[in-house]
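Engineer: Take a look and give me a structure for this.
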Amino acid sequence: NARWQVPADIECVGEFLQLCVWFGLVDESASKLSYDEFSRQFLAELDYEKEKDNLQQVYESSLDPEAPYMKRGVVIPRVFDEMCTKQVITMTYLPGPKFEEEAKQQLAVLGIDTKKGIRSVVKEAHNNATNDGPSSMGNELALSPDNNASSWKLTLSRIIGNFVSVDSMFSIVRFARRIMLWSTAATVKSIQAVSILPIVPSDLKSWAEERQNAILQAERWGWTQEAVTTLLDVHGYQILNQGLFNADCHPGNILVVQDESNPSKEPKIGLIDYGQVKRLNPEERFKIAKLILSVANKESDESIAGHFRNLGIKTKTNSTRFLAEFGRLMFGSFEAKHLNHDWHRELHKEDRVLYFPNELSMVYRTALLLRGLAMSLQFNPSVGEEWRHHAEATIRLHNNNTQ
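Structural biologist: Got it, this is the predicted structure:
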C-alpha cells in the first residue's frame, strides 16, 4: 500500500504546512520550496527504476581505485539489470548483519538501553547534542540508560563540561568501558583454558559461555570508530566529488559484511538502499564545499556567514553571528556550550531561518545522520574536518575549470 500511503502522508504534511502559513508561522514562498524538495525526495523512494539507476552509478564510481571505497573496505552491490523490474531490484548479496546490530552490541557494552531501536538512540543522541541542551546531559556525555537523571546530576555534568571538553569526556568513558571489556574477555579465556578441570564450578563455566562474545567485541572496538570515520569519508566523497549521494544513510542501510570463512577478520562495510539519492551540480558542490571548508578551518563569523549567504539562505534579520553559529553547529564538532539551553534560546532570539537552501538540506540531513551515529557511539567528529580534503579537491577542480 506504500504507493498510495506515502503520497497521502506527504499531502497531509502539505496541508499542515498551509495552516502554518495561514497562521503566519512560516514564510509561504520559502515553505513551498522546502516542501517541494521534501516531497520530491520521499516520493523517489517509490521509483525502483530510478533507484536502480542510482545504485548502478554509485557502484560504477566505487570501482575507481582513487575513490575511498576500495581503500576503506566499502562495497556497493552490483545491479543485475536484466533481472530488475518496476517492482524488483536484483543486486549482489552482501552477507552480514546491519550496522544497526553492530551498534547495538557496542552500545550494550557501554550500558546503553537500545530497546527503542538504534534509530531512536541515534536520533536522541544528535538531538540532545544540538537542541535539547542540559536537559539531556545523561545521553549526551555518559549516554546513561537512565533518561530521568536528577537535576543535581545535570548541574554537575554542566559544571564539568565547562572545564573538560566533550571529546575528553567521551574518551574517558570509552577508555573505562574498553578496560572493562578486555578484562571480561581475558577472564573468559582464562576460564575456558582450565574448564576441563573438574574443580571449575559449572556456574563459572556458564558465566564464561554467556560472555563469549566479549572477546569478539573487544577485538571489534577499534573497528567501530574506524567504521564511523569510513562512513564520513565515503559520504563526503559522494557529496562533494560525485554530486550523487544517499541522503538516507541510517544504520539500517549500512551492512557489516563479514568474511564467512574467517569471522575474526575485520569486516567490510556495505552500503545499500539508494531510493533517497540527491544530485548536486558542480556549482552547488563548490558553494557547499566553501561553507564546509570555512567551518573546518575555523574561519571568522563573517567568512562562514558569507559562504552560507552565497548558498541562498534567508533569515529574518540576516544576523552574521546566527549564520556562523548555525554553520558550525551543522558541520563542526559538538562543543560544551551546546549543552547550555540558554545558548540555543538566545541564538534563536537573535534570528530565525526563513528559507533553507534545497541543495543543502539533504547534505545537512546526511551529516546529521552520520554525526548522530557517531555521537551515540561516543565519538565526536567534526564533519567539516572529516570532509575537508574532499572540499579542497572540489574547490581546486572548480577553480581550474573557471580559469
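Engineer: Not counting its neighbours along the chain, what's nearest residue 59?
Structural biologist: Nearest residue to residue 59, sequence neighbours excluded (C-beta to C-beta, 6 or more residues apart in numbering): residue 76, at 4.5 Å. All C-beta atoms are positioned from the backbone trio N, CA, C, and that covers glycine.
Engineer: Could I get the contacting residues of that neighbour?
Structural biologist: 55, 58-59, 62, 69, 270-271 (C-beta atoms under 8 Å, 6 or more residues apart in numbering).
Engineer: Write the ChimeraX selection for whichever of these are buried.
Structural biologist: In ChimeraX syntax, the buried subset of these is picked out as below (16 or more other C-beta atoms under 10 Å):
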select :55,58,59,62,69,270,271
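Engineer: now the contacts of residue 76 in JSON lines, with pLDDT, secondary structure and distance to residue 227?
Structural biologist: JSON lines is the format used below for the contacts of residue 76 (pLDDT from 0 to 100; DSSP: H, G, I helix; E, B strand; the rest coil; distance: C-beta to C-beta, whole Å):
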{"residue": "55", "pLDDT": "94", "secondary structure": "helix", "distance to residue 227": "21"}
{"residue": "58", "pLDDT": "96", "secondary structure": "helix", "distance to residue 227": "19"}
{"residue": "59", "pLDDT": "96", "secondary structure": "helix", "distance to residue 227": "20"}
{"residue": "62", "pLDDT": "95", "secondary structure": "helix", "distance to residue 227": "17"}
{"residue": "69", "pLDDT": "96", "secondary structure": "helix", "distance to residue 227": "14"}
{"residue": "270", "pLDDT": "95", "secondary structure": "strand", "distance to residue 227": "11"}
{"residue": "271", "pLDDT": "96", "secondary structure": "strand", "distance to residue 227": "12"}
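Engineer: Pick out the most distant pair among the contacts of residue 76.
Structural biologist: Taking C-beta to C-beta as the measure, the contacts of residue 76 span a maximum distance of 13.7 Å, between 55 and 69.
Engineer: so how far is residue 254 from residue 97?
Structural biologist: Using C-beta to C-beta, to the nearest Å, residue 97 is found at 10 Å from residue 254.
Engineer: The two - which one has more neighbours?
Structural biologist: Set residue 97 next to residue 254 and count neighbours by other C-beta atoms under 10 Å: residue 254 wins out with 24 against 14.
Engineer: shouldn't that one be in contact with residue 231?
Structural biologist: Yes: assessed by C-beta atoms under 8 Å, residue 254 is found in contact with residue 231 at 6.9 Å.
Engineer: Need the residues touching each of the two.
Structural biologist: Counting by C-beta under 8 Å, 6+ apart, the contacts common to residue 254 and residue 231 are residue 269.
Engineer: Residue 275 belongs to a strand, doesn't it?
Structural biologist: No: checked against DSSP: H, G, I helix; E, B strand; the rest coil, residue 275 lies outside a strand; its state is coil.
Engineer: Lowest average confidence across helices and strands of the protein, where is it?
Structural biologist: Ranking every helix and strand in the chain by mean pLDDT, DSSP states H and E puts helix 137 at the bottom, with a mean of 29.
Engineer: What is the burial count for residue 102?
Structural biologist: Counted by other C-beta under 10 Å, the residues lying close to residue 102 total 24.
Engineer: For it, give its distance to residue 379.
Structural biologist: 14 Å.
Engineer: for stretch 385-403, which positions count as buried?
Structural biologist: Buried, per 16+ other C-beta under 10 Å, within stretch 385-403: 385-392, 394-395, 397-398.
Engineer: Kindly report the same for stretch 334-346.
Structural biologist: In stretch 334-346, counting by 16+ other C-beta under 10 Å, buried: 334-336, 338-340, 343-344.
Engineer: Among the residues you listed, name the least confidently predicted one.
Structural biologist: pLDDT across the buried residues of stretch 334-346 is lowest for residue 339, at 72.
Engineer: So which of the buried residues of stretch 385-403 are in helices?
Structural biologist: Assigned to helices by DSSP state H, the following of those qualify: 385-386, 388-392, 394-395, 397-398.
Engineer: Distance to residue 349 and pLDDT added to those, as a markdown table?
Structural biologist: Supplementary listing: these in a markdown table, determined by distance: C-beta to C-beta, whole Å; pLDDT from 0 to 100:
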| residue | distance to residue 349 | pLDDT |
| --- | --- | --- |
| 385 | 30 | 96 |
| 386 | 31 | 96 |
| 388 | 32 | 97 |
| 389 | 37 | 97 |
| 390 | 35 | 97 |
| 391 | 32 | 98 |
| 392 | 36 | 97 |
| 394 | 35 | 97 |
| 395 | 35 | 97 |
| 397 | 41 | 95 |
| 398 | 37 | 95 |
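Engineer: from those, which is closest to residue 24?
Structural biologist: residue 391 (37.9 Å).
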